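Generate coordinates for the sequence data below:
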Amino acid sequence: MGAGPDALTAERGRVRDGFGRLARIALRWWLSSVAMIHVLLGRRRASLAAYERILALHPGDGIALATVGSLRAELGDSAAAVAAFRRVVATDPHRAEGWFNLGYLLENRGELDEAESCFRRAVALKPSLDRAWYGLGLVLIGQGRLSDAVPVLQRNTELQPLSPYGWYQLAMTYHHLGQSSEARRIYASLSRFEPRYAATLLRDLDRTTPASTRSESCP
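Numbers count the residues shown, from 1 in each chain. Below is the predicted model of the structure:
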């Protein structure tokens, strides 16, 4: 016996759905290729438009969301960048890099309390994410919590021992806590592999009065 009209209609529907899915996959692939070409050519706005078309088709595409956030930040639209990375972490709350990027943007906007929370989520999910430890250290410094910043920056320098940035911040934090011997020890170590950056550190140590000394001298 042949298939009834209802079965034939259902089969045609499945075929149309299959072709529709293939068409969406092909369009997504094409848009991704176009977007990457624009990125390589430095055409940020054109790349942004392509990724936003991908999101219109696939709102939960984490890569497209993160790329839109990064492009928005590069174009100076921090509010839109923050909104994009909020969607990233809402879509995938276990993505440490998403929390880091959101924290970084919030820190730049001066929203330190929420930035701290984001960085802490990032290092909890991925303890080896050195830049999240560094960002957390900067937030704690910005909040005036120097003693709390010390172990955080120490962790950053353990993960990135040859990066001068964490060492600089750690030395200046020790300096402002009145622990000049620790700050000078870091200078001596830094001068062995980053002499030019060490010179900057020494200049700032010599020119800056420790915060603890300033507070004690106030009437």
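
got a list of contacts for the host helix or strand of residue 154?
Under the criterion of DSSP states H and E, residue 154 resides in helix 146-159. Helix 146-159 is contacted from outside by 128, 130, 133-134, 136-137, 140-141, 163, 166-167, 169-170, 173-174, 176-177, 211, using CB atoms under 8 Å, 6 or more residues apart in numbering. C-beta coordinates here come from the backbone N, C-alpha and C atoms, glycine included.

So for it, what gets flagged as buried?
146, 148, 149, 150, 152, 153, 155, 156, 157, 159 (16 or more other CB atoms under 10 Å).

okay if I get those as CSV plus pLDDT and distance to residue 58?
Formatted as CSV, these follow (pLDDT from 0 to 100; distance: CB to CB, whole Å):
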residue, pLDDT, distance to residue 58
146, 97, 45
148, 98, 41
149, 98, 40
150, 98, 44
152, 98, 37
153, 98, 39
155, 98, 37
156, 98, 36
157, 97, 40
159, 98, 34
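
And the contacts of helix 146-159, which of them are buried?
130, 133-134, 136-137, 140-141, 163, 166-167, 169-170, 173-174, 176-177, 211.

returning to that earlier point: export the helix holding residue 154 as CSV, just CAs?
What follows is helix 146-159, C-alpha atoms only, in CSV (Å, rounded to 0.1, in the frame of the first residue of the first chain):
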residue,chain,number,x,y,z
LEU,A,146,46.3,46.8,49.7
SER,A,147,46.8,43.9,52.1
ASP,A,148,44.2,41.8,50.2
ALA,A,149,45.9,42.6,46.9
VAL,A,150,49.3,41.2,48.0
PRO,A,151,48.4,37.4,47.8
VAL,A,152,46.4,38.0,44.7
LEU,A,153,49.3,39.7,42.9
GLN,A,154,51.7,37.0,44.3
ARG,A,155,49.5,34.4,42.6
ASN,A,156,49.7,36.4,39.3
THR,A,157,53.5,36.5,39.5
GLU,A,158,53.7,32.8,40.2
LEU,A,159,51.7,32.1,37.0
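
what's downstream of it, the next helix or strand?
helix 164-176.

Contacts for that next one, please.
130, 133-134, 137-138, 141, 146, 149-150, 153-154, 156-157, 160, 180, 182-183, 186-187, 189-190, 194, 197-198, 200-201, 204-205, 208, 210-212.

how does it look with 6 Å?
134, 137, 146, 149-150, 153, 156-157, 160, 182-183, 186, 190, 194, 197, 201, 205, 210-211 (CB atoms under 6 Å, 6 or more residues apart in numbering).

Can you name the element that comes right after it?
helix 180-193.

Least confident secondary structure element in the protein?
helix 211-217 (a mean of 47; mean pLDDT, DSSP states H and E).

can you pull the contacts of residue 134?
Per CB under 6 Å, 6+ apart, neighbours of residue 134: 156, 166.

tell me which element it is part of?
Going by DSSP H and E, residue 134 is in helix 130-142.

Take that helix, keep the C-alpha atoms, and write them as PDB.
Extracted in PDB, the C-alpha atoms of helix 130-142 (Å, rounded to 0.1, in the frame of the first residue of the first chain):
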ATOM      1  CA  ASP A 130      46.800  34.700  35.300                       C
ATOM      2  CA  ARG A 131      45.300  37.800  33.800                       C
ATOM      3  CA  ALA A 132      42.200  37.400  36.000                       C
ATOM      4  CA  TRP A 133      44.400  37.400  39.100                       C
ATOM      5  CA  TYR A 134      46.100  40.500  37.800                       C
ATOM      6  CA  GLY A 135      42.700  42.200  37.200                       C
ATOM      7  CA  LEU A 136      41.500  41.200  40.600                       C
ATOM      8  CA  GLY A 137      44.700  42.700  42.100                       C
ATOM      9  CA  LEU A 138      44.100  46.000  40.300                       C
ATOM     10  CA  VAL A 139      40.500  46.100  41.600                       C
ATOM     11  CA  LEU A 140      41.600  45.500  45.200                       C
ATOM     12  CA  ILE A 141      44.300  48.300  44.800                       C
ATOM     13  CA  GLY A 142      41.600  50.600  43.400                       C
END
